[in-house]
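> only geometry, no sequence info:
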């Protein structure tokens, strides 16, 4: 019975659960701006992307807990997991980019989804302060970036057909 309880609860599980909660909260915080502006990808999308990125990164850091702690998995390369996350999120971001004639929309949402996955990765590897910093910067730029852009001169894109 004690062995079964050991399988259900390990001391490291509390750390993993807290990391997932932090990643979810940071993702929700960044996604709030997209929800506020009525974008298709909102708080839940950002929270899920951030938390899932954290989960995938975190599990690569604890191979000794895999498969009920009954097998020796060997050496795991977390950078390969991170590479897979970034590639997969790139495809998710591509799905929110829309083209209608000369207008392209969804680029900011795609870029911010990709960036919020980095927040989840940072939490997953234990870089909590950089994760909070990155999510704060993302939120600030998404909320006030367009106002800052208006302060600078710009050239509008011209299309010739």
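In hand now; what should we look at? Here the structure is a predicted model, which means the values were calculated and not measured.
> Please name the nearest non-neighbouring residue to residue 92.
Leaving aside its sequence neighbours, residue 92 sits nearest to residue 113 (C-beta to C-beta, 6 or more residues apart in numbering; 6.1 Å). (C-beta placed from N, C-alpha, C; glycine too.)
> Let me fix that, I meant to ask about residue 41.
Residue 41's closest residue in space is residue 109 (C-beta to C-beta, 6+ apart), at 5.1 Å.
> Which residues are in contact with that neighbour?
Residue 109 sits next to 34, 39, 40, 41, 93, 96 when contact means C-beta atoms under 8 Å, 6 or more residues apart in numbering.
> repeat that with 7 Å
34, 39, 41, 96 (C-beta atoms under 7 Å, 6 or more residues apart in numbering).
> buried set for the longest helix along the chain?
Ranked by number of residues, the top helix in the chain under DSSP state H is helix 11-36. Neighbour counts using 16 or more other C-beta atoms under 10 Å place 16, 19-20, 22-34 of helix 11-36 among the buried residues.
> can you tell me which two in those are farthest apart?
Spatial extent of the buried residues of helix 11-36 (C-beta to C-beta) is set by the pair 16 and 33 at 28.0 Å.
> Could you name the helices and strands sitting against the longest helix of the chain?
helix 43-61, helix 107-124, helix 128-150 (3 or more C-beta pairs under 7 Å, 6 or more residues apart in numbering; DSSP states H and E).
> out of those helices, nearest to residue 78?
Between the helices and strands packed on helix 11-36, helix 43-61 lies closest to residue 78; by C-beta to C-beta that is 4.3 Å.
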